[in-house]
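Any chance you could fold what I've pasted below:
(chains A and B)
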Amino acid sequence: ETGVTQSPTHLIKTRGQQVTLRCSSQSGHNTVSWYQQALGQGPQFIFQYYREEENGRGNFPPRFSGLQFPNYSSELNVNALELDDSALYLCASSPYRGSEKLFFGSGTQLSVL
Amino acid sequence: KQEVTQIPAALSVPEGENLVLNCSFTDSAIYNLQWFRQDPGKGLTSLLLIQSSQREQTSGRLNASLDKSSGRSTLYIAASQPGDSATYLCAVWADTDKLIFGTGTRLQVFP
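Numbering: from 1, shown residues only, chains lettered A, B, ... in the order given. Sure, this is the predicted structure:
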């Protein structure tokens, strides 16, 4: 157990809808990263939040947005869902920015129909 | 643009065999390289982290090597066990905040 919890574990949405995924960081960790893992692929970096501010972003459109709260938990929001957004969304927390000690949650499996 | 490739994509071996999983990356300007394990329905677990100045790291039956100049890393698993069955992901730290992953090697070890 890594201490990083994600909710929900599974989600089904239809194209065009909006979705919010949640991540609770490991205690004491102030940095959260989100990754998207399509079936049969490696995870792809979406963005990272450090002390409630976005600290780096991968090649994802603006309809992917996030938040980090004062308790360092985080949300990933995706607007105008597309079929290709179907994937496993992984959250990882780390004790500080730039740390290589990443602790991953079990992910949220999103299916867009 | 950094790209990470893993070979083979899948591997099935009998228990007790020694294995080598391969990882290659296109840009040698990496911070570090990390190997992860992913079990079905679960997140990623870090196995080994190799600093860019290091050549190898060992943990138990696992040994990972890094050759930055040739853009290659290998993960060696000694005396494989059925419990080693999982997907193994290689990832490079392209900067201090972002990991770039390969597509993984799916390993099955049968009794």
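
Residue A:98 contacts residue B:96, doesn't it?
Yes. With contact defined as CB atoms under 8 Å, residue A:98 counts as touching residue B:96 (4.0 Å). In this view, the C-beta of every residue, glycine as well, is placed from N, C-alpha and C.

how near is the spatially most central residue of chain A to chain B?
Geometric centre of chain A, nearest residue: residue A:34, 3.3 Å, by CA atoms, centre = their mean. To chain B, residue A:34 is 11 Å away according to CB to the nearest CB, to the nearest Å.

Give me the pLDDT value at that residue.
Here, the pLDDT recorded for residue A:34 equals 97.

Equivalent analysis for residue A:2, please.
Looking at residue A:2, its pLDDT reads 66.

Then residue B:16?
At residue B:16, pLDDT is 97.

quick one, helices of the chain?
I'll assume chain A. For chain A, helices defined by DSSP state H do not occur.

Show me which residues of it are close to chain B?
Where chain A comes near chain B, counting by CB under 8 Å from any CB of the partner chain, the residues are A:2, A:4, A:33, A:35, A:40-45, A:48, A:55-56, A:58, A:90, A:92, A:97-98, A:100-102, A:104-107.

Go through those and flag which are in strands.
Among these, the members falling in strands (DSSP state E) are A:33, A:35, A:44, A:45, A:48, A:55, A:56, A:90, A:92, A:104.

Quick check: nearest residue in space to residue B:92, chain neighbours excluded?
Nearest residue to residue B:92 in three dimensions, chain neighbours excluded: residue B:30, at 4.5 Å (CB to CB, 6 or more residues apart in numbering or on different chains).

and the one you found, how many residues sit next to it?
The number of residues packed near residue B:30 is 21, by other CB atoms under 10 Å in any protein chain shown.

Also the one 3 residues further on?
Burial of residue B:33, expressed as a neighbour count using other CB under 10 Å, amounts to 26.

which residue sits closest to residue A:70, ignoring its sequence neighbours?
Excluding the flanking residues, the one nearest residue A:70 by CB to CB, 6+ apart is residue A:52, at 6.8 Å.

Could you check how far that neighbour is from chain B?
According to CB to the nearest CB, residue A:52 and chain B sit 16 Å apart.

Just the buried subset of the residues of chain A next to chain B, written out for ChimeraX, thanks.
Filtering the residues of chain A next to chain B down to the buried ones (16 or more other CB atoms under 10 Å in any protein chain shown) takes a single ChimeraX command:
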select /A:2,4,33,35,42,43,44,45,48,55,56,58,90,92,102,104,105,106,107
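
secondary structure class for the residue nearest to residue B:92?
coil (DSSP: H, G, I helix; E, B strand; the rest coil).

Could you list the low-pLDDT ranges of chain B?
The model of chain B has no residue with pLDDT under 70.

Any residues of it in contact with chain A? List them.
Contact residues (CB under 8 Å from any CB) of chain B with chain A: B:4, B:32, B:34, B:41-46, B:49, B:89, B:91, B:93, B:95-104.

Quick check on the residues you listed: which are buried?
Buried members of these, scored by 16+ other CB under 10 Å, are B:4, B:32, B:34, B:43-44, B:46, B:49, B:89, B:91, B:93, B:97-104.

Next, give phi and psi for the closest residue to residue A:18 other than its chain neighbours.
Leaving aside its sequence neighbours, residue A:18 sits nearest to residue A:79 (CB to CB, 6+ apart; 4.9 Å). Dihedral angles of residue A:79 (phi, psi; degrees, to the nearest 10) stand at phi -100, psi 160.
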